[in-house]
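Undergrad: give me the fold of what follows.
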Amino acid sequence: MGDDRIRVRASLDALALVREFVERRATAAGFSKDGAAELVLAVDEAITNSVEHGLRGNEGRIEVSVVPQRDGLRVIIRDDAALFDPTRATATQLDLSPLDRAKPGGFGVELMHRLVDGVDYRVTGNGQNELTLLKTRR
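TA: Just a heads-up that it's a prediction; the model follows:
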């Protein structure tokens, strides 16, 4: 499958490179078009949150690794944004109108959880966020 890792500057401009990278790996791993699109969207949401909320305009790097699994893919995203554990984020009330919510946004983490089959988070030994997304082929 070629190189299984991409490193990019932490910016929304770099998202196209990451999306293409993940889509190629998912297609090569036998994912359907829809399954690949779901994985790409989950990765996109994770990185967008990191750039917009974790780094808040500061410089940073993001590394995305794709690791084949027997029945799918594991995508590992590392960044040096402010520490944030999306597995502990409170669930967004998706049935509540955005106009009635106390603050806007918050759908990305919930969407990410719905698009993949597993979400894991840890802080690396050098203080980076490490988010792992597991997606199985269907």
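Undergrad: and stretch 24-43, what's buried?
TA: Arg25, Ala26, Ala29, Phe31, Gly35, Ala36, Glu38, Leu39, Val40, Leu41, Ala42, Val43 (16 or more other C-beta atoms under 10 Å). C-beta: built from backbone N, CA, C; applies to glycine.
Undergrad: now, the residues you listed that are in helices?
TA: Among the buried residues of stretch 24-43, DSSP state H puts Arg25, Ala26, Gly35, Ala36, Glu38, Leu39, Val40, Leu41, Ala42, Val43 in helices.
Undergrad: starting at the chain centroid, how far to the helix or strand of the chain with the lowest mean pLDDT?
TA: Lowest on mean pLDDT, DSSP states H and E among the helices and strands of the chain sits helix 107-115, with a mean of 89. With C-alpha atoms, centre = their mean, to the nearest Å as the basis, helix 107-115 stands 9 Å off its chain's centre.
Undergrad: same check, this time on stretch 4-19
TA: 11 Å.
Undergrad: do the same with stretch 115-128
TA: With C-alpha atoms, centre = their mean, you get 10 Å for stretch 115-128.
Undergrad: just the C-alphas of it, formatted as CSV.
TA: Taking Å, rounded to 0.1, in the frame of the first residue of the first chain, the C-alpha atoms of stretch 115-128 are listed here in CSV:
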residue,chain,number,x,y,z
LEU,A,115,-19.0,7.2,11.4
VAL,A,116,-16.4,4.8,12.8
ASP,A,117,-16.6,1.6,14.9
GLY,A,118,-14.1,2.7,17.6
VAL,A,119,-12.6,5.8,19.0
ASP,A,120,-9.6,5.8,21.4
TYR,A,121,-7.6,8.6,22.9
ARG,A,122,-4.3,8.9,24.8
VAL,A,123,-1.6,11.4,25.5
THR,A,124,1.7,10.3,24.0
GLY,A,125,4.9,10.3,26.0
ASN,A,126,5.9,13.6,24.5
GLY,A,127,2.6,15.3,25.3
GLN,A,128,0.8,15.0,22.0
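Undergrad: what are the buried residues along it?
TA: Across stretch 115-128, burial judged by 16+ other C-beta under 10 Å covers Leu115, Val116, Val119, Tyr121, Gln128.
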